[in-house]
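# Fold the following for me, if possible:
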Amino acid sequence: MDLSNLKPAAGSTKNRKRVGRGHGSGHGGTSGRGMNGQASRAGGTKGPGFEGGQTPLAMRLPKLPGFRNINRKEYLPVNVARLEEKFEAGETVNHETLVEKGIIKHADALVKVLGTGELTKSLTVSVDKVSASAQAKIEAAGGKVE
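Residues are numbered from 1 along each chain as shown. Next up, the predicted model:
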């Protein structure tokens, strides 16, 4: 047995439907499309999303999920553990120093200090927001929040 002897299993293949090849084929004349009407004509059927002229479901639904608040303020999170590793004791933490140390990219970004990690150095923190746990850790280390 070799490749030239291979044949598909009996009954696994069918001849394709050859429409419009005479009455003897069983698909002559109107080629299985019936008499008149939209579906009998070339290109006559509408697309899969067509709903008879009614606005399709895909267009009735909103483009994006949820509600987008146009006045939302996005704060960049900075943890006290990051302040511990980047700042020396007695330094001031503000937008300019955070940019200098490479913690944030832009000085005009809103910053919130969060309380993850430990702080042993006394720092003066002057940013937009400070969480309660971060404020407690900063003040416990001898620093202050402005």
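
# Provide the secondary structure category for A58.
Three-state call for A58 (DSSP: H, G, I helix; E, B strand; the rest coil): helix.

# Which residue is the nearest non-sequential neighbour of it?
With C-beta to C-beta, 6 or more residues apart in numbering as the measure, G49 is the residue that lies nearest to A58, at 5.8 Å, once sequence neighbours are left out. C-beta: built from backbone N, CA, C; applies to glycine.

# And the pLDDT at that neighbour?
As predicted, G49 sits at a pLDDT of 90.

# Let me see the mean pLDDT of whichever helix in the chain runs longest.
Secondary structure assigned by DSSP state H gives helix 132-140 as the longest helix of the chain. The pLDDT scores in helix 132-140 average 95.

# hmm, back to that, now the residue nearest to A58: how far from P62?
17 Å (C-beta to C-beta, to the nearest Å).

# Mind checking which of those two has more residues around it?
Neighbour tally, G49 and P62, criterion other C-beta atoms under 10 Å: the higher count belongs to G49, 9 against 6.

# Verify the contact between the more buried one and P56 for me.
Yes. Applying C-beta atoms under 8 Å, one finds G49 in contact with P56, separated by 4.7 Å.

# element containing D108?
Using DSSP states H and E, D108 maps to neither a helix nor a strand.

# My guess is it contacts L98. True?
No. Counting by C-beta under 8 Å, D108 stays clear of L98, with 11.6 Å between them.

# more crowded one of those two?
Each of D108 and L98 has its neighbours counted (other C-beta under 10 Å); L98 has more, 24 against 7.

# Could you pull up the residues touching the nearest residue to the more buried one once chain neighbours are set aside?
Counting by C-beta to C-beta, 6+ apart, I104 is the residue found nearest to L98 once chain neighbours are left out, at 4.8 Å. For I104, the contacting residues are L76, V78, H95, L98, V111, by C-beta atoms under 8 Å, 6 or more residues apart in numbering.

# E88 versus I104, what's the distance?
I104 is 18 Å from E88, by C-beta to C-beta.

# Surely G24 is in a strand?
No. Remark: G24 does not belong to a strand; assigned using three-state DSSP, it is helix.
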